[in-house]
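Novice: What follows is a protein structure lacking sequence information:
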């Protein structure tokens, strides 16, 4: 059973690595297409500069690729509190109660 678990772990590790390599290769390919107009046209087999043509390489070349930005809505508060209660006064104790006479070890008879 342990051999099966090790095999599944190695398969998972291999699949993760292959996915990473594939993603990197696709990113490099789309970057190469965005950098070279002639390579872009050869990859599509038609005029890639046409206005109706939209692909990832053209959007990347135009700088229109954005990362995810969450949308947050800002709303006005329901009510505004103009006055609040004063903060309670802080009380500092000057006597150290950790070492009070009643807190020592018991006195053992000699």
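Specialist: Alright, I've got the coordinates. Source: prediction; values computed, not measured.
Novice: what's the burial count for the closest residue to residue 31 other than its chain neighbours?
Specialist: Closest residue to residue 31 in three dimensions, ignoring its sequence neighbours and counting by Cβ to Cβ, 6 or more residues apart in numbering: residue 60, at 6.7 Å. Just so you know, the C-beta spots here come from the backbone N, C-alpha and C atoms, and that holds for glycine as well. Neighbourhood size, residue 60 [other Cβ atoms under 10 Å]: 16.
Novice: please renumber so the chain begins at 28
Specialist: Okay, residue one is now 28; in that scheme the one you just asked about reads as residue 87.
Novice: Residue 87 contacts residue 57, doesn't it?
Specialist: Yes - under the criterion of Cβ atoms under 8 Å, residue 87 is in contact with residue 57, at a separation of 5.8 Å.
Novice: element containing residue 35, please.
Specialist: helix 29-62 (DSSP states H and E).
Novice: For that helix, name the packing helices and strands.
Specialist: Using 3 or more Cβ pairs under 8 Å, 6 or more residues apart in numbering; DSSP states H and E as the contact criterion, the elements in contact with helix 29-62 are helix 64-71, helix 83-89.
Novice: Give me the mean pLDDT for that helix.
Specialist: Across helix 29-62, pLDDT averages out at 82.
Novice: tell me the angle that helix makes with helix 64-71.
Specialist: Following axes from the mean of the first three to the mean of the last three Cα atoms, to 10 degrees, one obtains 120 degrees for the angle between helix 29-62 and helix 64-71.
Novice: Mind listing what's buried along helix 29-62?
Specialist: For helix 29-62, burial by neighbour count (16 or more other Cβ atoms under 10 Å) applies to 57, 60-61.
Novice: Switch those residues over to TSV, and while doing so, append distance to residue 118 to every line.
Specialist: Conversion of the buried residues of helix 29-62 to TSV gives the following (distance: Cβ to Cβ, whole Å):
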residue	distance to residue 118
57	67
60	72
61	68
